[in-house]
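**Student:** No sequence on hand, only this structure:
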């Protein structure tokens, strides 16, 4: 199921993004810089969740779905470009390739990020959705990406560097930093699939568990993975003295925390199956992506 | 008229922004960094144009107007923070005070910019406007601020550094860099005032002339103004070998170009007065702000 979505449907999301960027009046260097990071690939986990959620509710995929998923991926991509900047995490490698500023320079990398972020809101505002639904999707995207979500989490992450934080503080940081966009992916899928408020709340809960699972797994891979496997430098967290789950809970404790989050996600999928017409197997398969 | 708007109405726009930032879940340092640049002041010319346009059409000001104007000022503020970064224009002074990164460091300045940009779209999506009108205002804001507008202009400006550009190229750069947000201010005012498509087109034309006038004046002040008067370092354009109107046209030629743009703006105001119920004196007064 996910393989079919990845192979046949994700390219349509990617085409929405690249068409949008190519038809803009930006100069060639700026376009190239944005396209470089968009085309660097990655697992496209956020748009995949939007598509999978629609599919789980047995809904047809259509242009507004691809555009919403594309806007979400553009926001994710901008955040990677800015996070990699020398003043931020100062990373040279991303998805096995040099980071944006290594190729295009810092100034253009900053502008490419700004352009992708702003462009995401243009793309999502240009759908043919009913205006009320469109405004809601825009509002929730801005919340998830902004100072109540991802940007806040990133600032919290920076503030926490080189000092010991509690598990609760770490969860709050990651709920913002990675959790909020992942949760948005489920919620946006539910809104596009015309689900009830109760179902959307369950999707939000599912997103929160998956978000934490994602981050714990990411922290674990930074310890036990290799640069070759991951396409980025490992051991970076320890180098920058970042607080992580393995750092706070130990390797086994972090593995246990991951198992717990995934079990709670699993339980939420069952609740969804009880609440609405729903294909749980789509999400069962999705959950396997977050196992070690 | 403008003095009254500045004294009594602009504070309501500012309150929308500061309330929005203060109630976010961002950590204290990030909030302080965003508020620092928002509260650094400036002429608030963009929100002032939104308010003045409403007033010119004899419309009552209300919360959605303050929020739209606030979102626009947040976008302008983010662009200043990012433009001042060492990798970009590398400015130490802005509005007579140290630039954001000089106080909060580069990483937090990047995040403050990202937070203000994303927050602008949240604030404007939270109005009580009819959804269709709201989506249109969001879409045009994203266009004006993004890779078909301001970000494209900024990238064009950078690409043009240290090389000779034609007058046409310079106009294109500035139409994006400063013209697009100024034009949006007029257009948004017209949309909020429920004007016809023809009137909105005239407002767009007016905005284009004002936008060029603004930039020519800015270039001229960099040559003939003082750091004390302007609250920013003068002579920066020559230092960074930027193409400017005085550089291309000479001092007298640039002054003449400014006069021409303002005359065309004046003519557009007359066309507006013929097209709709309209108080031209509001815009007459506004135009005086762009004289040398």
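**Tutor:** Received, thanks. In this text the structure is predicted, and so the values were computed from the model without any measurement.

**Student:** Worst mean pLDDT across the helices and strands of chain A, which element?
**Tutor:** helix A:227-230 (a mean of 60; mean pLDDT, DSSP states H and E).

**Student:** what does the stretch 101-250 of chain A put close to chain B?
**Tutor:** With CB under 8 Å from any CB of the partner chain as the criterion, the stretch 101-250 of chain A meets chain B at residues A:105-108, A:110-111, A:113-115, A:117-119, A:121-122, A:125-126, A:130-132, A:134-135, A:138-139, A:141-143, A:145-148, A:151-152, A:154-156, A:158-159, A:176. To be clear about C-beta, it is placed using only N, CA and C from the backbone, and glycine gets the same treatment.

**Student:** Which of those residues fall in helices?
**Tutor:** A:106-108, A:110-111, A:113-115, A:117-119, A:121-122, A:125, A:131-132, A:134-135, A:138-139, A:141-143, A:145, A:151-152, A:154-156, A:158-159 (DSSP state H).

**Student:** Let's see the PyMOL selection covering just the buried ones among those residues.
**Tutor:** The buried residues among those can be selected in PyMOL (16 or more other CB atoms under 10 Å in any protein chain shown) with this line:
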select buried, chain A and resi 106+107+108+110+111+113+114+115+117+118+119+121+122+125+131+134+135+138+139+141+142+143+145+151+152+154+155+156+158+159
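
**Student:** elements contacting the top helix by length along chain A?
**Tutor:** The longest helix of chain A (DSSP H) is helix A:245-275. With contacts defined as 3 or more CB pairs under 8 Å, 6 or more residues apart in numbering or on different chains; DSSP states H and E, the packing partners of helix A:245-275 are helix A:167-174, helix A:197-224, helix A:280-288.

**Student:** Check the offset of that helix from the chain's centre.
**Tutor:** Distance of helix A:245-275 from its chain centroid, counting by CA atoms, centre = their mean, to the nearest Å, is 18 Å.

**Student:** same deal with stretch A:47-67?
**Tutor:** The answer for stretch A:47-67 is 16 Å, by CA atoms, centre = their mean.

**Student:** For that stretch, list every residue counted as buried.
**Tutor:** For stretch A:47-67, by 16+ other CB under 10 Å, it's A:47-57, A:61, A:64-67.

**Student:** Phi, psi for the residue nearest to residue A:85 when sequence neighbours are not counted please.
**Tutor:** Leaving aside its chain neighbours, residue A:85 sits nearest to residue A:101 (5.8 Å; criterion: CB to CB, 6 or more residues apart in numbering or on different chains). As for residue A:101, its main-chain torsions (degrees, to the nearest 10) stand at phi -70, psi -20.

**Student:** quick one: residue A:101 and residue A:88 touch, right?
**Tutor:** No: here residue A:101 does not reach residue A:88: they are 10.0 Å apart, not a contact under CB atoms under 8 Å.

**Student:** who's more crowded, those two?
**Tutor:** residue A:101 (25 against 18; other CB atoms under 10 Å in any protein chain shown).

**Student:** which residues does the more buried one contact?
**Tutor:** Neighbouring residues of residue A:101 by CB atoms under 8 Å, 6 or more residues apart in numbering or on different chains: A:81, A:84, A:85, A:86, A:108, A:109.

**Student:** Then residue A:176?
**Tutor:** Going by CB under 8 Å, 6+ apart, residue A:176 touches A:148, A:149, A:150, A:151, A:152, A:153, A:154, A:156, B:25.
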